[in-house]
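Engineer: Sequence and predicted model, in that order:
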Amino acid sequence: MGDFFLDALSYLRGASRLGPLQAFVMAAAWVANIARFLNETDPAVSFAEIGDIPGDDLRTPVTAYSIAKGLSLPYETVRRTLAGLIEQGLLDTACGGLIVPARIPAGPAMMVVAVDLAAITRTLIHRLTTMGEPAA
């Protein structure tokens with residue numbers, strides 16, 4: 001499972017040219033922005049295709065405090081990292097916090113990452129479903 005996490009972070013870093021901490025914090029913001037879609041009973045209805053990305057107005061803004069707490073990182077470290085991501089145009093301020101704007105995951109580099117992440121996710125799911133089964 002550790003390989004999956006490190007591979008996912010590596011793909012994100014490569015597409016965005018971010019350092020590990022920046023990629024980690026940005027990923028946390030991104031997940032927080034779309035978390036409500038992950039809890040829907042059938043999110044595939046609205047966002048079934050790789051290019052179907054929730055618009056900025058549908059994203060839930062997240063605060064630096066919430067990200068720091070969720071990642072167990074110092075608030076000031078997260079705040080500075082987020083400020084840098086805003087400066088780079090990778091995060092936007094919104095009422096109540098920050099969002100990863102739709103233009104970021106909709107960009108060509110991130111679409112490649114999405115395809116790569118789908119492939120390693122399928123591999124992870126296969127490995128998890130075959131755990132405990134005797135090797136052939």
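Structural biologist: Done, it's in.
Engineer: was I right about residue 75 contacting residue 65?
Structural biologist: Yes. Between residue 75 and residue 65 there is a contact under C-beta atoms under 8 Å: 6.1 Å. Using the backbone N, CA and C atoms, a C-beta is placed for each residue, glycine as well.
Engineer: Please enumerate the strands of the chain.
Structural biologist: 92-94, 97-99 (DSSP state E).
Engineer: Distance from the last one to the middle of the chain?
Structural biologist: Think strand 97-99. How far strand 97-99 lies from its chain's middle: 14 Å, per C-alpha atoms, centre = their mean, to the nearest Å.
Engineer: Let's test this: mean pLDDT of that strand, rounded?
Structural biologist: Averaging pLDDT along strand 97-99 yields 96.
Engineer: for the first one, same thing?
Structural biologist: Per-residue confidence for strand 92-94 averages out to 96 on the pLDDT scale.
Engineer: Nearest residue to the middle of this protein?
Structural biologist: Geometric centre of the chain, nearest residue: residue 27, 3.5 Å, by C-alpha atoms, centre = their mean.
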